[in-house]
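Participant: take a look and give me a structure for this.
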Amino acid sequence: MSSNPFDSDDARLFEISTRARGPAGVLPLTAEMLRERPSGDLFGWTQNAGMGWNPAALGGNEFLMLSTHGGIRAADGTPVALGYHTGHWEVGLLLEAAAAVFKSAGAIPFAAACTDPCDGRSQGTTAMFDSLPFRNDAATVFRRLIRSLPTRRGVLGVATCDKGLPAMMMALAATHDLPVVLVPGGVTLLPEEGEDAGKIQTIGVRFVHGSITLEEAADLGCRACASPGGGCQFLGTAATAQVVGEALGLSLGHSALAPSGHPIWIDMAQRSATALMNLEARHITASDIVSDAAVRNALVVFAAFGGSTNLILHLPAIAHAAGLARPTAEDWATVNKQVPRLVDALPNGPRNHPTVQVFMAGGVPEVMLHLRRLGLLETRVTTAGGDSLDAQLDAWESSERRTRLRDQLRKEGVDPDDVIVSPEHARTRGLTSTVCFPKGNIAPDGAVIKSTAIDASVVDADGVYRMTGPAKVFLSERAAMDAIKAKRVKPGDVIVLICRGPMGAGMEETYQITSALRHLPFGKHVAVITDARFSGVSTGACIGHVSPEALAGGPVGKLRDGDVLEVVINRATLEGTVNLIGENFVGQSASDGSRILEARDMRSDLAADAALPDDTRIWAALQDASGGTWGGAVYDAESILRTLAAGKNALRRQP
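Facilitator: Numbering: from 1, shown residues only. Below is the predicted model:
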């Protein structure tokens, strides 16, 4: 072996040709094309032939397949290079299946990708600072990729998880004049014996508290993702986004929550490719599907499923991309008061069925049958299948698929009507509505809590959660976790985590804290208040999105250790308050707390995280100028330009 780093003993390295024969055949050009078509269209055909496409077949319609695919799989499925998460690991199989359908129909598929991160992998690290900002970046990349193929006749979007899927929906919704279809990447399976992917993220804190042994942690951690592909097994942000995509009409009926890698999952991709070609032939575009009525349907279905509070960020962003009115906090609150929760799934319970069982029980169309009967849906909307929602639900109700999947679930010992519960029995089965928007003197612009996920044993008989306790204030998630592990957080405490909103930490998820509390014996007796957000699998008395955030001058930035906080959440009326009521461990009243806050200065130690990237700081400023987190954390070009112009004018007036 030569010691020279440029040399090699492999003589094949030097078998180089400077010319090749080139593809056989001729381009099927016409004189009209040469006269009228842009040079880019013509050169595109040259490149298509160079990549090996049969030149004689180049006249077919071109369809773009976008995905969040990550990793490199060998033909037998073994990893050559890992992806960031199971959610994008197998979506290449969906692309292959869809591409084969396009090709067999004489169409020409193109594939492009913008891979996505894993919020589970990012928990507790500075990677979480990029999680929510990534969504806007990815949506921009997807839109640019769509525009960069000028000859595309439609777009098939394939995505699975927390940020990549909302980004894909934003991009598809913004593609007003083209037909689009969304293919959700499905879910992974639970181990036959073991824990789900949400609980498994607490093995560290449970080991420290003596709840599990080192051997148990190692064994359980190995088996939690029991199949190699798909989003997590619980109704977190990934699964909820899949549900919302189908509720919007962007996906075919009964697409969300399909088991990754299974034939029924592959069939979804094949049928989606056919549906996209049918939409193109009928001139049905994204703007025909994503309408104000479709957005309201998504709000209704979200409430019935009881999904992740992160969709309060994502659905307004999708509506904004479509050029529609963004749902407000009042809209969410109104719908959640009207719509019963019908789905019993992880992590909301009470029985905690995995998402694949929700799929087998009928998934989105089964829930929609109940909602249609209650008159809560606009069923005249157009769906990705090209028909009205009414027609789609009629077909589902009489389908063999519905009957056989529900029967199979019964054979496994699970009653599908215990997974998707009728409205008549929902409340008696322990299902309560999902989202509440408390306000108070430390959250004057509002906050959000998944009220259904509060442990029922700490809720009073009248359905109201009441807690009064001393604040323990932390400026980083690490500091809060250290306190929990060191047993400095006690039952009755209120953890206050600030400087973690958009300006402080990119509005990170704080699942380390909420999951630790859920799986520690005393955790249900601790509340959390933060200007950050929560993972979709979070449970407990966890109040997030506190606005204004501390770094924007919000009163939450005035809180100190020993302040007495009062939380009241009515799970029946979905109303709530979060107030400072005293200081120095002495409780008084909310009006006293307001006077205390008025007299206080902001804490002197408030600061953005030192590791916050500059691009995330810019994202925070842009979304703040565009309506902030309650507006979906979007980029509103008109608002941003108006703000920049006002700022420039103000600078010019300075001496």
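Participant: relative to residue 419, how far out is residue 400?
Facilitator: 20 Å (Cβ to Cβ, to the nearest Å). Using the backbone N, CA and C atoms, a C-beta is placed for each residue, glycine as well.
Participant: between these two, which one's more packed in?
Facilitator: Using other Cβ atoms under 10 Å, the more surrounded residue of residue 400 and residue 419 is residue 419, with 24 against 7.
Participant: where does this protein have low pLDDT?
Facilitator: 1, 536-537 (pLDDT under 70).
Participant: quick one: list the elements packing against the lengthiest helix in it.
Facilitator: Of all segments of type helix in the chain, defined using DSSP state H, the longest is helix 263-282. Using 3 or more Cβ pairs under 8 Å, 6 or more residues apart in numbering; DSSP states H and E, the elements in contact with helix 263-282 are strand 62-67, helix 91-104, strand 152-159, strand 180-184.
Participant: got the buried residues for the helix or strand following the last one?
Facilitator: Put plainly, it is strand 180-184. Per DSSP states H and E, the first helix or strand lying C-terminal to strand 180-184 is helix 203-208. Buried residues in helix 203-208, defined by neighbour count with 16 or more other Cβ atoms under 10 Å: 203-206, 208.
Participant: how about those residues in JSON lines, adding distance to residue 293?
Facilitator: Formatted as JSON lines, those follow (distance: Cβ to Cβ, whole Å):
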{"residue": "203", "distance to residue 293": "45"}
{"residue": "204", "distance to residue 293": "46"}
{"residue": "205", "distance to residue 293": "45"}
{"residue": "206", "distance to residue 293": "46"}
{"residue": "208", "distance to residue 293": "50"}
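Participant: picking that back up, following element in sequence after the longest helix of the chain, please.
Facilitator: helix 286-289.
Participant: which residues does that following helix contact?
Facilitator: Applying Cβ atoms under 8 Å, 6 or more residues apart in numbering, the contact partners of helix 286-289 are 172-180, 248-250, 322-323, 381-384.
Participant: among these, which lie within strands?
Facilitator: Among the contacts of helix 286-289, DSSP state E puts residue 180 in strands.
Participant: tell me the bridge partners for residue 468.
Facilitator: residue 566 (DSSP bridges).
Participant: isn't it up against residue 586?
Facilitator: No: using Cβ atoms under 8 Å, residue 468 is not in contact with residue 586; the gap is 11.3 Å.
Participant: between these two, what contacts are shared?
Facilitator: Contact criterion Cβ under 8 Å, 6+ apart; residues shared by residue 468 and residue 586: residue 564.
Participant: looking at those two, which one has more neighbours?
Facilitator: Of the pair residue 468 and residue 586, residue 468 is the one with more neighbours under other Cβ under 10 Å, namely 16 against 12.
Participant: next up, the contacts around that one.
Facilitator: By Cβ under 8 Å, 6+ apart, the neighbours of residue 468 are 564-567, 581, 587.
Participant: check residue 83 too.
Facilitator: 69-71, 89, 115.
Participant: ditto for residue 189
Facilitator: 226-227, 230, 233, 259, 354, 356.
Participant: likewise for residue 339?
Facilitator: 300, 303-304, 371, 376, 433.
Participant: how does it look with 6 Å?
Facilitator: For residue 339, the contact set (Cβ atoms under 6 Å, 6 or more residues apart in numbering) comprises 300, 303-304.
Participant: same deal with residue 84?
Facilitator: 70, 117-118.
Participant: quick revisit: between the buried residues of helix 203-208, which is nearest residue 313?
Facilitator: Using Cβ to Cβ, residue 205 comes nearest to residue 313 of the buried residues of helix 203-208, at 26.6 Å.
Participant: give me every residue that touches the closest one.
Facilitator: residue 516.
Participant: do the same with residue 5
Facilitator: So residue 5 contacts nothing (Cβ under 6 Å, 6+ apart).
Participant: which element is it on?
Facilitator: Counting by DSSP H and E, residue 5 is found in no helix or strand.
Participant: I'd like to know how far it sits from residue 15.
Facilitator: 21 Å.
Participant: how many neighbours does residue 588 have?
Facilitator: Neighbours of residue 588 using other Cβ under 10 Å come to 14.
Participant: let me know the closest of the buried residues of helix 203-208 to residue 404.
Facilitator: residue 203 (37.7 Å).
Participant: chain neighbours aside, what residue packs nearest to the closest one?
Facilitator: residue 217 (4.2 Å; Cβ to Cβ, 6 or more residues apart in numbering).
Participant: shouldn't the one you found be in contact with residue 206?
Facilitator: No: using Cβ atoms under 6 Å, residue 217 is not in contact with residue 206, being 7.5 Å away.
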